[in-house]
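Participant: Can you look at this prediction? I've put the sequence above it.
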Amino acid sequence: MDSTRKTFVLLSFWFLLLSCATPQHERFTKLKIGVDKTQALDIVGSPNFSERRNGQDEWTYVYYKNNELLSKRLFF
C-alpha cells in the first residue's frame, strides 16, 4: 500500500472515531440522581480525579465546553 493510501485510510479512521464521540458535557445531562458507580462509569466514563472523604467517594471530571474549562463532581 502506498503512502498516500495509508494516510487516507488513517485519516478516515480518525474522523470516524471523532464523529462517534459524544462531548463530555452532553453525557452529564444523562445522569440522574441515584445512579450507582457502575451506571455513572457507563454514562460519563472514568473520572479525572477520585478521592474518598468522610466515608464518601468524590469523582471529579474536567473537560472543555466552548473553549471554557469546566469541572463536575459526583458523590457516592
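Facilitator: Structure received. Numbers count the residues shown, from 1 in each chain.

Participant: mind saving the C-alpha coords of stretch 25-38 as PDB?
Facilitator: Extracted in PDB, the C-alpha atoms of stretch 25-38 (Å, rounded to 0.1, in the frame of the first residue of the first chain):
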ATOM      1  CA  HIS A  25     -20.800  18.000  28.800                       C
ATOM      2  CA  GLU A  26     -23.600  16.200  26.900                       C
ATOM      3  CA  ARG A  27     -23.100  13.000  28.800                       C
ATOM      4  CA  PHE A  28     -23.700  14.700  32.100                       C
ATOM      5  CA  THR A  29     -27.300  15.500  31.000                       C
ATOM      6  CA  LYS A  30     -28.000  11.800  31.000                       C
ATOM      7  CA  LEU A  31     -27.100  11.400  34.700                       C
ATOM      8  CA  LYS A  32     -29.900  11.100  37.200                       C
ATOM      9  CA  ILE A  33     -29.900  11.300  40.900                       C
ATOM     10  CA  GLY A  34     -29.400   7.900  42.500                       C
ATOM     11  CA  VAL A  35     -27.300   6.300  39.800                       C
ATOM     12  CA  ASP A  36     -24.600   4.000  41.200                       C
ATOM     13  CA  LYS A  37     -20.900   4.000  40.300                       C
ATOM     14  CA  THR A  38     -21.200   1.400  37.600                       C
END
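
Participant: Give the next helix or strand downstream of the longest strand anywhere in the chain.
Facilitator: Counting residues, the longest strand found in the chain (DSSP state E) is strand 56-65. As assigned by DSSP states H and E, the chain's next helix or strand after strand 56-65 is strand 68-75.

Participant: ok, that following strand: who's next to it in the sheet?
Facilitator: Paired strands of strand 68-75, with direction, are strand 56-65 (antiparallel) (DSSP bridges).
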